[in-house]
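Engineer: Coordinates for the following, if possible.
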Amino acid sequence: MITAARLTLRDLSVRSFPEPFFVGAANEGKNELAKIIRQARESYFEYAATGTITATSAPNPSEITLPDDFSELLQISITNVGYEDIGFIFLRQSDPRFHQALIDGGSFGSGAGVFYYDIVGLKTLRLAPGADIALTYAIKYTQIVADMTLPTDAPTAIPADYYDYIVTWMVCEALRSVGDQRLTLYLDKLERQKNSTVASVNARQVREPMFVRGYMESEESW
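Structural biologist: Got it, this is the predicted structure:
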């Protein structure tokens, strides 16, 4: 994409714009493109993962390691037959009720009960009380679209069909930075590409969720 932007700007020989400039602009364009795709289809970046909550004893919490591409938790549930009624309630671990639940300990053998949960750091879901029996879970979450770094110039989770939007965004940022009069023309092109992306995303079939254990593998097809 950097080469494509340079070709459009005729910036291949002199190179008025350094690589870090284009990397920053590409990630800005990627973020805007991801927002457009989400607005067109809210569930586009939704994924699912499964795993096991290991048993522990009070006052220890149970913890779930979230997938590497985790952005936002949408839903969590227990999948063991007969234990589906166990609930989850978000509660900050600084809340006294969270601490009291850890002290009291879990008793989920009857197939009922409630976990308090909080997200600690970037990748840890902490539960109170700790599970007194092993339980399998399923989570639905929003996938993050990670920033690109050199030499990679292809954003994960976004189809190659939409990369032209990022290239046009990079061109616009370059033209804006030097006050080039062509900026208006490329802003118009960016708006047309936005509308085309929205129409394309709406027409695409919703992707089936990928179930994995503990981590997410990269998706290789669209």
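Engineer: C-terminal to the strand or helix carrying Tyr141, what's the next element?
Structural biologist: Element membership for Tyr141 (DSSP states H and E) is strand 135-143. Per DSSP H and E, the first helix or strand lying C-terminal to strand 135-143 is helix 163-178.
Engineer: Just the CA atoms from the helix or strand following that following helix would do, formatted as CSV, please.
Structural biologist: Next in sequence after helix 163-178, counting helices and strands by DSSP H and E, comes helix 183-203. The C-alpha trace of helix 183-203 is given here as CSV (Å, rounded to 0.1, in the frame of the first residue of the first chain):
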residue,chain,number,x,y,z
LEU,A,183,-6.7,17.2,-1.9
THR,A,184,-10.4,18.0,-2.7
LEU,A,185,-10.4,15.5,-5.6
TYR,A,186,-9.1,12.7,-3.4
LEU,A,187,-11.4,13.5,-0.6
ASP,A,188,-14.3,13.1,-3.0
LYS,A,189,-12.8,9.8,-4.1
LEU,A,190,-12.5,8.7,-0.5
GLU,A,191,-16.2,9.4,0.0
ARG,A,192,-17.1,7.3,-3.0
GLN,A,193,-15.0,4.5,-1.7
LYS,A,194,-16.7,4.7,1.6
ASN,A,195,-20.1,4.4,0.0
SER,A,196,-18.9,1.5,-2.1
THR,A,197,-17.5,-0.3,1.0
VAL,A,198,-20.8,0.2,2.9
ALA,A,199,-22.7,-1.3,0.0
SER,A,200,-20.3,-4.2,-0.4
VAL,A,201,-20.3,-5.1,3.4
ASN,A,202,-24.1,-5.0,3.4
ALA,A,203,-24.2,-7.5,0.5
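Engineer: tell me which strands and helices helix 183-203 is in contact with?
Structural biologist: On a contact count with 3 or more Cβ pairs under 8 Å, 6 or more residues apart in numbering; DSSP states H and E, helix 183-203 meets helix 19-40, helix 163-178. C-betas here are computed from N, CA, C, even on glycine.
Engineer: quick one: buried residues of that helix?
Structural biologist: 183, 186-187, 190, 193-194, 197, 201 (16 or more other Cβ atoms under 10 Å).
Engineer: and what of stretch 141-154?
Structural biologist: 141-145, 148, 153.
Engineer: which residues are in contact with that stretch?
Structural biologist: Stretch 141-154 is contacted from outside by 1-2, 19, 23, 26-27, 30-31, 34, 45-49, 66-67, 69-74, 155-158, 160, 163, 216, using Cβ atoms under 8 Å, 6 or more residues apart in numbering.
Engineer: so how far is Leu74 from Lys140?
Structural biologist: 4 Å (Cβ to Cβ, to the nearest Å).
Engineer: Find residues that contact each of those two.
Structural biologist: In terms of Cβ under 8 Å, 6+ apart, Lys140 and Leu74 are both contacted by the residues Glu46.
Engineer: the more surrounded of the two?
Structural biologist: Per other Cβ atoms under 10 Å, whichever of Lys140 and Leu74 has more neighbours is Lys140, with 16 against 13.
Engineer: Among the buried residues of helix 183-203, which one lies nearest to Thr168?
Structural biologist: Within the buried residues of helix 183-203, proximity to Thr168 (Cβ to Cβ) peaks at Leu190, which comes in at 4.9 Å.
Engineer: what's the domain layout of this protein?
Structural biologist: 2-42+146-203, 46-143 (automatic domain parsing).
Engineer: Not counting sequence-adjacent ones, nearest residue to Thr8?
Structural biologist: Nearest non-adjacent residue to Thr8, counting by Cβ to Cβ, 6 or more residues apart in numbering: Val171, 5.1 Å away.
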